[in-house]
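Novice: Return a 3D structure for these sequence lines:
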Amino acid sequence: MTTVLAPVEGEAVGLAAVPDPVFSAGMVGPGTAIDPLRGPGEALAPIAGKIMKLHPHAYVIVGDDGKGVLVHLGIDTVQLKGEGFELLASEGDRVAAGQPVVAWDPAVVEAGGRSPVCPVVALDALSGAVTGVTLGAVHAGDQLFEWA
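Specialist: Residues are numbered from 1 along each chain as shown. Reported below is the predicted structural model:
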């Protein structure tokens with residue numbers, strides 16, 4: 001069982017609330033989404049493992065068990081070309097669960113006309129593999145869901 005932590009503070013709203021059909025339909029994988037607090041902050045590693053992909057707006061961490069978790073900071077944020085994001089780690093780094101990976105400001109994302117909602121997805125997981133999904137207020141580092 002893998003415990004996936006909330007990478008950011010805010011309101012856990014579920015994937016259906018993500019304004020992107022690929023995420024909201026669960027095509028990327030099961031999980032949830034967090035509507036983050038507006039203001040500067042850090043996005044944390046949801047699990048311990050290796051950073052396999054790291055973009056300013058999104059990252060994938062794969063645990064020693066082979067499970068990969070995607071954190072996507074906002075929707076259509078790839079269009080920002082890294083503006084408003086600061087990498088705090090490097091691709092290939094090993095990170096502890098709860099370790100800061102990216103600094104960003106959801107208010108800046110929103111001011112640019114994009115949704116700052118953050119999908120947190122269990123990659124290549126079966127739909128029933130994710131359980132205990134938290135809804136409502138979460139702090140960064142709180143348990144977000146379990147992955148069997």
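Novice: Kindly check the end-to-end length of stretch 139-147 for me.
Specialist: Start-to-end span of stretch 139-147 (CA to CA, to the nearest Å) is 19 Å.
Novice: residues in contact with the closest residue to residue 40 other than its chain neighbours?
Specialist: Nearest non-adjacent residue to residue 40, counting by CB to CB, 6 or more residues apart in numbering: residue 105, 4.5 Å away. (C-beta placed from N, C-alpha, C; glycine too.) By CB atoms under 8 Å, 6 or more residues apart in numbering, the residues touching residue 105 are 39, 40, 41, 84.
Novice: do residue 147 as well
Specialist: Counted by CB under 8 Å, 6+ apart, residue 147 has contacts 1, 2, 3, 4, 67, 69, 122, 125, 129, 130.
Novice: ok, the last one touching residue 145?
Specialist: Yes - taking CB atoms under 8 Å as the definition, residue 130 is a contact partner of residue 145 at 5.2 Å.
Novice: Can you give me the buried ones in the longest helix along the chain?
Specialist: Longest helix in the chain, counting residues (DSSP state H): helix 106-111. Within helix 106-111, the residues scored as buried using 16 or more other CB atoms under 10 Å are 106, 107, 108, 109.
Novice: any idea which helix or strand comes after it?
Specialist: The helix or strand immediately downstream of helix 106-111 is strand 118-122, counting by DSSP states H and E.
Novice: That next one pairs with which strands?
Specialist: Strand pairing for strand 118-122, determined by DSSP bridges: strand 31-36 (antiparallel), strand 68-72 (antiparallel).
Novice: Quick check: what element follows the first one along the chain?
Specialist: Read that as strand 31-36. Using DSSP H and E, the helix or strand that follows strand 31-36 in sequence is strand 41-44.
Novice: From the contact counts, what lies against that next one?
Specialist: Here strand 41-44 touches strand 100-104, going by 3 or more CB pairs under 8 Å, 6 or more residues apart in numbering; DSSP states H and E.
Novice: what helices or strands is the strand it packs on leaning on?
Specialist: strand 41-44, strand 58-62, strand 85-87.
Novice: All good on my end, thank you.
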